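S.K.: From the sequence below, what's the structure:
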Amino acid sequence: MKKILFAVTAMFMFAGAAFADDDRIIQFDQLPAKAKEFVKQYFPDEKVSYVKEEADFMELSYEVVFAKGSKVEFNGQWIWKEVDCRYSTLNEALVPAQIREYVKKNFPDVQFVKIEKGYRDYEVKLTNRLELTFDANFNLIDIDD
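M.R.: Residues are numbered from 1 along each chain as shown. Sure, this is the predicted structure:
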C-alpha cells in the first residue's frame, strides 16, 4: 500500500512540475487594450523589454518587464496584481487613497516602490525598506522591515 501511495504521489508531483513552468514570451502588441492602456498610463516613458505569459496549473498570468527593471504582473483577467519599481518609485495613483494617507501621515519622507494586491490585502514597499500590509478595509495589519 505504501508503494502505491508513493507512486501516485510521485506521479502527481512530476505532472505538477511538468505543467508548472509553462512560460512563453509574447509581443506587447498581443496584450489586450486594457493592459496596453495601463502600461501607457502608468509607464508612459518606459520601454517594454519583454512580456511573459505564465501558465501555472489552471491559472494564466502575465508579466510586463521594462528595460529599466520595473515590472507589472496581471492576472488572467488583465487586472494588475503587482507593480514593482525596483530602481525608481511607483506612480502613487496606483496606491489606494487610504494607504497613501496613512503613509504620508506616519512616514512623510518616503515614497512607494512596490504594491501587491492580494485577494484580501494590499502590501506596499517603501523607499525606507519597510513593507506594510493592509487588510481589505485598509487597516494596517503588519509591518516588516
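S.K.: And the helices in the protein, which stretches?
M.R.: If DSSP state H is used as the criterion, the helices of the chain fall at 2-20, 33-42, 97-106.
S.K.: Domain ranges for this structure, per the record?
M.R.: The chain breaks down into these domains under automatic domain parsing: 1-86, 89-145.
S.K.: could these go into TSV alongside mean pLDDT and mean neighbour count?
M.R.: No exception for glycine: its C-beta is placed from N, CA and C like everyone else's. TSV is the format used below for the domains of the chain (pLDDT from 0 to 100; neighbours: other CB atoms under 10 Å):
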stretch	mean pLDDT	mean neighbour count
domain 1-86	82	13
domain 89-145	96	14
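S.K.: contacting residues around stretch 99-107?
M.R.: Applying CB atoms under 8 Å, 6 or more residues apart in numbering, the contact partners of stretch 99-107 are 92, 95, 110, 112, 122, 124, 126, 128, 130, 132, 134, 138, 140.
S.K.: cool, stretch 53-63 as well?
M.R.: By CB under 8 Å, 6+ apart, stretch 53-63 touches 16, 19-20, 22-26, 31, 35, 51-52, 71-76, 78, 81.
S.K.: mind checking how far it is from the chain centre?
M.R.: Distance, stretch centre to chain centre, for stretch 53-63: 12 Å (CA atoms, centre = their mean, to the nearest Å).
S.K.: how long is that stretch end to end?
M.R.: Length of stretch 53-63, first residue to last, CA to CA, to the nearest Å: 7 Å.
S.K.: repeat for stretch 47-61
M.R.: 20 Å.
S.K.: Please put the alpha-carbon coordinates of stretch 82-101 into CSV.
M.R.: Provided in CSV are the C-alpha atoms of stretch 82-101 (Å, rounded to 0.1, in the frame of the first residue of the first chain):
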residue,chain,number,x,y,z
GLU,A,82,1.7,43.6,-8.6
VAL,A,83,3.7,46.6,-9.7
ASP,A,84,7.4,46.6,-8.7
CYS,A,85,9.6,49.6,-9.5
ARG,A,86,13.0,48.3,-8.4
TYR,A,87,15.1,51.3,-9.3
SER,A,88,12.5,54.0,-9.3
THR,A,89,9.4,55.0,-7.4
LEU,A,90,5.8,53.9,-8.0
ASN,A,91,3.2,56.2,-9.6
GLU,A,92,1.1,57.0,-6.4
ALA,A,93,-2.1,56.9,-8.4
LEU,A,94,-1.9,53.1,-8.2
VAL,A,95,-2.0,53.2,-4.4
PRO,A,96,-5.4,53.4,-2.7
ALA,A,97,-6.1,56.8,-1.1
GLN,A,98,-6.4,55.3,2.4
ILE,A,99,-2.9,53.7,2.2
ARG,A,100,-1.4,56.9,0.7
GLU,A,101,-2.8,58.9,3.6
